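In: need the 3D shape of this:
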Amino acid sequence: MDLCVHAFEYKGRGAYYAAFSTTGASAGATNDVKQRLANVILSGQGSAREKLIERRRQQQGGNVVDPGTRRWGRTIHQQHVESSLRPTNEVELDIDLESHLGSEAAMIVLDTLELIVEASVETDRLNTILSYSFVVLLHLLGANQCSSTLDHIFASQRALVSKHPEFLFEQETEQSSDLCAILLRLCGSAISNTRSQASASLFMLMRHNYDLGQSFARVKVQSTVALSTLVAGSQGQSCNADCLRRSLKTILMYADQDDAMSSTPFPEQVKELVHNLHMILRDTVNLQEYKEDPDMLMDLMLRIAKGYANSPDLRLTWLQNMAQKHNERQNLAEAGMCMVHAAALVAEYLSMLEDDSFFPAGCASFEKVSPNTLEESAVSDDVLAPDDEGICTGKLFSIQGLLGLLGQASMLFEVGGLWEAACMLLQHIRPIHESVRDHKKLSKMYFKMGELQKKITDQAGKRSLGAYFRVTFLGRHFDDLDGKDFIYKERPHTSLAEVCIRFENFYASLFGDGVLDIIKDSKEPDRNKLDPDKPYIQVVYVEPFFDDYELKWRPAFFERNFNICRFYFDIPFTESGKSHGDLASQCKRRTILTTVNVFPYVKNRIEISNRDSYTLSPVEVALEDLQKKYDTLIEAVRQQPPDVKRLQLQLQGSIGTTVNQGPAEMALVFLADAEQVAVDKNLRKLKHCFRDFVRGCAEGLEKNKELISDNQREYQRELERNFVEFRKKLEPIFGKKTSQRWIKKNREKTVLHNIARPANQR
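Out: Okay, the predicted model is just below:
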């Protein structure tokens, strides 16, 4: 019967004409070549053979065929020649007869199939018969059929599934997958009746799968995989996305009208699946449209990967594709994170099979590397076990595959400057090597970790892991992005001007030169004052934000630049309405932005989920500025290896006589009133900060004296004189004895004693 379906399949009117024209043309060409060859070999002009043929033509009215072109009493390809001379209506009749014959053969096969299955119900060979029956039925659905024949095939398919659902979903899972693929393809048919029938069959497939276990996880996975294959195989050309969307809406309608299932979770699960399929379809089709927009392309690829959450093989493939795209653009941190997510996904599914202590306990093991890896958690009811057929079939779903992914991620982090993160990943590899006593690989791993630690030490104070900007899209030109805020992660030392130029150049190719307007002001734009027909982008430089308690467990540079999700920017203002004023009136309005995920992530931009703002008083502004100066100074003083130029710049900015509104001016403005200082908490904090600052300056002077050469001794003495003047300015506020006591507490008492001595005694 399967052979009959293939032999009597109707190829279509276009295929018939195409095959006929191709065969006829080749036949004519071959005949001409043979004729010329025969003339050359057998005779020339005026030969006896030629004269004989000419006489016979005259006797028979010229209807003589050259014997050299005959084969077995008929001319070569005579059938094609005769067919080409037939009237068009006769050719059309043959085509119609072929289509009717194909339909009749399909109906006979369908009737015979049902009779065989019905006769085998009580036999012990039912499963074998069902297996072959589904093969024939799938062949019938996949072949070219007329609409009326398809109606009968769909009816037989639904009846067979409803009578034997356990066989299809528990024993023949591969045929269930093939059935989903064929039905989803027919859902994209341009014929409305075919779409309706295919939608009904797919819906009933979900319904029967749900009845078996209160969930149709298998159909969800198989439908998702089928859609991926359908869209990827068509490359957006033969896949009718609009027809497919109509079929998905029809399935939603069936779910809403199914009164028997209205009190169960089934309708909601159908809605979730249809929404997921719709998003995958839309995003996959849009990939070609946004291939020149790297940020939008990454958004689409991530959404597609999330759509394949219940199909780990496909999700892993898309994560690897994203890593490749990032690698091409030299976004090594993001490429490494894609591989970390891939490793977490593999570990999550392998943990269902492996319970060894040395093996990572799922994606939660990588939470310290990145909290974002919890997205790979397989806790949904729709998740199938990795030992199910068709799940986790790739070679990466193995211990060796996991080691390979971790190794690639570690290498990307190393090249991208995230050496601490690379060490974290190597720590996950270590137990696996130890379990098999692979001392050679352990030796290489420990050597690599030593190199990474040395890089961390050598580059202390010289590293930069990225620059961050808040980007807001305004205007109908941006479609779905209109009104959305993002935090963009750019390469280290990227300036605001560079980001603005990049946006201007890119959107000039889309909207035209001069159409886009870049807003560089930090203030919130008033949309009522903006031109609704123009696109606007606001770009603001932001910095990572931490509360005081966070700073205690983020003491190092790497920890304050890794796994961060809160950023801030300030808008200066004064009570008079001006942006800037003197120290006593200068205020700031601080805005804190929180992103959905932490940086670094598998993409460069993350949407902002929350924003808070508060106002800093002049005292708080001064306190924060002084604290920043102190932190920067101490970092320069204790940097290893030391950087003399950086240290001298910090000292000059702290105690130089030319510094306007510097630390000395802050003290005179805010700390002159002792009674006010006693009752104001922020003023007391400012006073304590000055103590630390003075000690830091003294330590910096001593460090600079140790590092400079002889030709800078005069510069050192100038810095020391400035420091003495700085202390004298503070004496009216803190007192002479108090100032001296602060200095004595510094661990380098000798240098401070030399500074206090007159110049002629030094």
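In: just give me the neighbour total for residue 529.
Out: 6 (other CB atoms under 10 Å). The C-beta positions use only the backbone N, C-alpha and C, and glycine is treated the same way.
In: low-confidence ranges in the stretch 251-400 of the chain?
Out: Applying pLDDT under 70 to the stretch 251-400 of the chain flags residues 380-390.
In: which parts of it are helices?
Out: Using DSSP state H, counting those that start in this stretch, the helices of the stretch 251-400 of the chain run over 266-286, 294-307, 312-328, 332-350, 399-415.
In: what of the stretch 401-550 of the chain?
Out: Going by DSSP H, counting those that start in this stretch, the stretch 401-550 of the chain shows helices at 419-435, 439-458, 496-511, 548-552.
In: next: the stretch 601-750 of the chain.
Out: With DSSP H, counting those that start in this stretch, the ranges of helices along the stretch 601-750 of the chain come out as 618-637, 644-655, 663-670, 674-679, 681-707, 713-734, 736-744, 749-756.
In: I'd like those helices as JSON lines, with mean neighbour count, mean pLDDT and distance to residue 583 appended.
Out: Shown next, in JSON lines, are the helices of the stretch 601-750 of the chain (neighbours: other CB atoms under 10 Å; pLDDT from 0 to 100; distance: least, CB to CB, whole Å):
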{"stretch": "helix 618-637", "mean neighbour count": "19", "mean pLDDT": "90", "distance to residue 583": "6"}
{"stretch": "helix 644-655", "mean neighbour count": "18", "mean pLDDT": "87", "distance to residue 583": "16"}
{"stretch": "helix 663-670", "mean neighbour count": "20", "mean pLDDT": "84", "distance to residue 583": "5"}
{"stretch": "helix 674-679", "mean neighbour count": "11", "mean pLDDT": "80", "distance to residue 583": "15"}
{"stretch": "helix 681-707", "mean neighbour count": "19", "mean pLDDT": "89", "distance to residue 583": "12"}
{"stretch": "helix 713-734", "mean neighbour count": "16", "mean pLDDT": "84", "distance to residue 583": "15"}
{"stretch": "helix 736-744", "mean neighbour count": "14", "mean pLDDT": "51", "distance to residue 583": "21"}
{"stretch": "helix 749-756", "mean neighbour count": "15", "mean pLDDT": "43", "distance to residue 583": "27"}
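In: make JSON lines out of those and add distance to residue 504.
Out: As requested, these are exported to JSON lines (distance: least, CB to CB, whole Å):
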{"stretch": "helix 618-637", "distance to residue 504": "32"}
{"stretch": "helix 644-655", "distance to residue 504": "34"}
{"stretch": "helix 663-670", "distance to residue 504": "40"}
{"stretch": "helix 674-679", "distance to residue 504": "50"}
{"stretch": "helix 681-707", "distance to residue 504": "42"}
{"stretch": "helix 713-734", "distance to residue 504": "44"}
{"stretch": "helix 736-744", "distance to residue 504": "52"}
{"stretch": "helix 749-756", "distance to residue 504": "53"}
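In: so which of the helices of the stretch 251-400 of the chain is the most surrounded?
Out: Greatest average neighbour count among the helices of the stretch 251-400 of the chain goes to helix 332-350 (a mean of 27), per mean count of other CB atoms under 10 Å.
In: relative to residue 340, which of the helices of the stretch 401-550 of the chain is closest?
Out: helix 419-435 (7.2 Å; CB to CB).
In: OK, contacts around residue 478?
Out: By CB atoms under 8 Å, 6 or more residues apart in numbering, residue 478 lies in contact with residue 535.
In: run the last query once more with 10 Å
Out: Residue 478 is in contact with 484, 507, 511, 535, 536, 537, counting by CB atoms under 10 Å, 6 or more residues apart in numbering.
In: what does residue 426 give?
Out: With CB under 10 Å, 6+ apart, residue 426 has these contacts: 406, 407, 410, 413, 414, 433, 445, 446, 448, 449, 452.
In: on that earlier part again, next, format the helices of the stretch 251-400 of the chain as a markdown table and append distance to residue 671.
Out: Output for the helices of the stretch 251-400 of the chain, formatted as a markdown table (distance: least, CB to CB, whole Å):
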| stretch | distance to residue 671 |
| --- | --- |
| helix 266-286 | 59 |
| helix 294-307 | 48 |
| helix 312-328 | 51 |
| helix 332-350 | 44 |
| helix 399-415 | 47 |
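In: quick one: closest of those to residue 688.
Out: Here helix 332-350 is closest among the helices of the stretch 251-400 of the chain (CB to CB), at 37.9 Å.
In: quick one, that closest one and helix 399-415 angle?
Out: 160 degrees (axes from the mean of the first three to the mean of the last three CA atoms, to 10 degrees).
In: tell me what helix 332-350 is packed against?
Out: helix 294-307, helix 312-328, helix 399-415, helix 419-435, strand 587-599 (3 or more CB pairs under 10 Å, 6 or more residues apart in numbering; DSSP states H and E).
In: possible to save these as CSV with distance to residue 732?
Out: Converted to CSV, the helices and strands packed on helix 332-350 look like this (distance: least, CB to CB, whole Å):
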stretch, distance to residue 732
helix 294-307, 56
helix 312-328, 58
helix 399-415, 54
helix 419-435, 47
strand 587-599, 27
